[in-house]
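1. okay, here's the prediction I keep looking at, along with the sequence it came from:
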Amino acid sequence: MRLNDLARQMRVDVSDLLTTARELGLDVVSPTSPVSADDEWTLRKTAVIPPQRSASPNQRPAPPGFRTAPPRPAPHRDRPRGPVPEPSDLAKVFLRREEAKTDTRYFNLPPRPVRIRYAEASAREWAKHWFTAQEAEQWLTANGGISASVAASLRDAGLTPDDATVRIRTPRGFVHKLPLAIRVSCGELSATEAAAELREMKARA
C-alpha cells in the first residue's frame, strides 16, 4: 500500500501523515512511497486523539491525531418541478442526436427535463447565428460536433455542409488529412481561406 492510499483510507491529510512517518523514523520519502504492513500498523496506532469539536449527527468523527480534509459539499439536485415544457424544434435536433449516440443498453440517459434543458442551451447558441432546425441538423449530420460559430463562418463564406467535409487536394496531388470544417475549427484556416482553397481545387478539376 502507498502512503497516499493509507491517508485516503484514514481520511487524513497526506502531508501530516508523511511528517508523522518521518518523525517515527519510517522509510518513507514521498506520498507515493510504499508502506509495509508493520509501518501501516505503527502509523495507525501512533495517533494522539486531539480535542474534538461537536460534530453534526451526520458527520463522521475525525480520525485521531491528524488534520482532516474539508467535507465534500452535498450533491446539488436541481430538478425542475411541474410539467415538462415541450422543447423547441431546434432543441429537438440535439435531443435526437443525444438519444441516437447513446447506447441505452449500457448507459442510462439523464432525465428528460435535464436533457431538454441542455438541448435548449445548445439551441440558443445556434439560434444566435440564425440557423433553423433543418439547417442545424444538416451541418451537424455532415460535420459531427461542429460548433455554431464555425458553421456560421463557413456558411457566410459560401460553403455548404457538404463543402465543409471536403479534404483539399493540392496541385501536387497531396490530399489533406483533415476536412475543411476541422481545419477552420482548430484555427489552421479562416472560413474565407477555406472557401478560396475549395474554389481553387474545383477550378483545377
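-> Now that the structure is in, tell me what you want to look at.

2. going forward, measure contacts between C-alpha atoms and count neighbours the same way
-> OK.

3. what segments of the chain are helices?
-> For the chain, the helices defined by DSSP state H occupy 3-10, 14-23, 37-46, 89-101, 112-128, 133-143, 148-156, 180-185, 191-204.

4. list the residues that contact Ser190.
-> Val184 (C-alpha atoms under 8 Å, 6 or more residues apart in numbering).

5. now do 10 Å
-> 150, 153-154, 157, 180-181, 183-184, 196 (C-alpha atoms under 10 Å, 6 or more residues apart in numbering).

6. so which of those residues comes closest to Leu6?
-> Ranked by distance to Leu6 (C-alpha to C-alpha), those are led by Arg183 at 47.6 Å.

7. quick check: the residue nearest to that closest one when sequence neighbours are not counted vs Ala7, distance?
-> Nearest residue to Arg183, sequence neighbours excluded (C-alpha to C-alpha, 6 or more residues apart in numbering): Leu189, at 5.8 Å. Using C-alpha to C-alpha, to the nearest Å, one gets 50 Å for the distance from Leu189 to Ala7.

8. out of these two, which sits in the busier spot?
-> Ala7 (19 against 16; other C-alpha atoms under 10 Å).

9. just want the angle from the lowest-mean-pLDDT helix or strand in the chain to helix 3-10.
-> When each helix and strand of the chain is scored by mean pLDDT, DSSP states H and E, helix 37-46 comes last, with a mean of 74. Using axes from the mean of the first three to the mean of the last three C-alpha atoms, to 10 degrees, the inter-axis angle of helix 37-46 relative to helix 3-10 is 40 degrees.
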